[in-house]
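J.: Please find the sequence and the predicted model below.
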Amino acid sequence: MRFWSQALAAAKRMRGLLTLVALLYVLSYVVGWCLISVKYPAAVQLAESVRHTVLTANPFTTITSELKGGNLVRAILSTFLINLAVGAFLSTTLPGVVPVLGAFAVGGITLWRGFVVGITYPAVLASSFGAFMVGFGTMLLELGAYVFSGAAGINIALAPIFPGRQGVQSRWVAFKAACRDAARVYVIVIILLALGAVWEMTGLFLLIRTP
């Protein structure tokens with residue numbers, strides 16, 4: 001309970017950044033959805049490229065093989081670890097160690113990720129009721145986790161430049177405080193990604209086995 005209360009307190013301190021990152025995801029998703037809806041050539045081509053990558057490249061093919069082989073637990077664990085390490089930490093939190101520029105990097109990755117989801121997910125959601133349930137739940141849980149990891153990254157990047165946001169004058173102390181808040185908020189990130197992996201892999205496992 002102590003870790004959870006600390007995570008909520010850290011999230012409260014970052015509520016402005018959380019709102020910003022969430023809005024970036026929503027905005028970029030809507031732009032992607034609009035472009036794919038009107039069949040804008042570049043958006044259609046990118047969506048096809050993403051789908052091809054998912055069907056032919058690792059780690060996607062490995063996870064698909066695990067599901068087809070009945071290794072649901074291994075597929076869940078693989079998905080969770082990849083999303084945590086790459087999707088959250090390496091791409092949306094670690095760039096924050098670079099003052100200011102890290103914030104722009106996280107924002108750019110957020111916009112790109114939301115856009116890619118916007119051009120690829122509408123087809124998934126419209127394919128069947130089961131696919132809609134799996135896709136919509138996965139999108140909410142995983143993007144929700146990335147909202148927290150992204151806000152943590154931006155918070156770290158801004159801390160040395162605006163130490164007053166952390167309630168201190170020292171840039172180094174502010175940086176360390178932002179890193180501590182990032183670690184605390186990762187409790188929420190881990191929970192959301194774990195739920196997302198269970199939801200997505202279990203749903204796909206059942207869909208694969210549905211006649």
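T.: Now that the structure is in, tell me what you want to look at.
J.: quick one: low-confidence parts of the chain?
T.: For the chain, the stretches with pLDDT under 70 are 211.
J.: give me that answer again for 80
T.: 1, 209-211 (pLDDT under 80).
J.: can you pull the contacts of Leu8?
T.: Each residue near Leu8 by C-beta atoms under 8 Å, 6 or more residues apart in numbering is listed here: Ile188. C-beta coordinates here come from the backbone N, C-alpha and C atoms, glycine included.
J.: can you do 10 Å?
T.: For Leu8, the contact set (C-beta atoms under 10 Å, 6 or more residues apart in numbering) comprises 184-185, 187-188.
J.: want to throw those into a markdown table with neighbour count, distance to Gly114 and secondary structure?
T.: Below are the contacts of Leu8 laid out as a markdown table (neighbours: other C-beta atoms under 10 Å; distance: C-beta to C-beta, whole Å; DSSP: H, G, I helix; E, B strand; the rest coil):
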| residue | neighbour count | distance to Gly114 | secondary structure |
| --- | --- | --- | --- |
| Arg184 | 21 | 25 | helix |
| Val185 | 25 | 20 | helix |
| Val187 | 18 | 24 | helix |
| Ile188 | 20 | 19 | helix |
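J.: So which residue of this protein lies furthest out from the middle?
T.: Residue farthest from the centre of the chain, counting by C-alpha atoms, centre = their mean, is Gln169 at 32.0 Å.
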